[in-house]
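compute the structure for the input listed below.
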Amino acid sequence: MKIDWSAIGSVFGVSLVFTVGLVVLFTLGIRGLTRREQAAAQGDSAALAVTGAYVCFAACAAAVAYGIFLIVSKS
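Modelled structure (predicted):
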């Protein structure tokens, strides 16, 4: 049996990039919700921060749903 180390490395690299990307997106969403709370405490509006947070969370959900779709479709 021959192990294709370059393919394993490629899969690891892509997985790492997408994992870090999802963590960054989720963190941006949390940060947007935090800005909403800060704005509410100051009496300001934070519509843009909330919209950005929801967009980040939607992108995370879409990425997870696509991953599940790929796993299910290959079965």
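
give me the mean pLDDT for the strand or helix carrying I68.
Following DSSP states H and E, one finds I68 within helix 47-73. Helix 47-73 shows a mean pLDDT of 94.

and the residue most central in space within the chain, what's its pLDDT?
Compute the mean C-alpha point of the chain, and by CA atoms, centre = their mean the closest residue is L22, 2.6 Å away. At L22, the pLDDT value in this model is 96.

quick one on the thing from earlier: how about the helix holding I68: buried residues?
49, 52-53, 56-57, 59-60 (16 or more other CB atoms under 10 Å). Where C-beta positions appear, they are placed from N, C-alpha and C, glycine not excepted.

now do stretch 10-23
Buried residues in stretch 10-23 (16+ other CB under 10 Å): L22.

contacts for it?
60, 63-64 (CB atoms under 8 Å, 6 or more residues apart in numbering).

and which of the residues you listed is nearest S6?
A63 (25.4 Å; CB to CB).

can you pull the contacts of the nearest residue to R35 once chain neighbours are set aside?
Leaving aside its sequence neighbours, R35 sits nearest to A49 (CB to CB, 6 or more residues apart in numbering; 3.9 Å). Contact analysis of A49 by CB under 8 Å, 6+ apart lists 32-33, 35-36, 39.

follow-up on the earlier one: the residue nearest to the centre of the chain sits in which helix or strand?
Using DSSP H and E, L22 falls in helix 5-42.

that older thread, what distance do you get for the residue nearest to R35 to Q42?
According to CB to CB, to the nearest Å, A49 and Q42 sit 12 Å apart.

any shared contact partners between those two?
With CB under 8 Å, 6+ apart, A49 and Q42 have no common neighbours.

will you turn the contacts of stretch 10-23 into TSV that also has distance to V11?
Output for the contacts of stretch 10-23, formatted as TSV (distance: CB to CB, whole Å):
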residue	distance to V11
C60	21
A63	17
V64	18
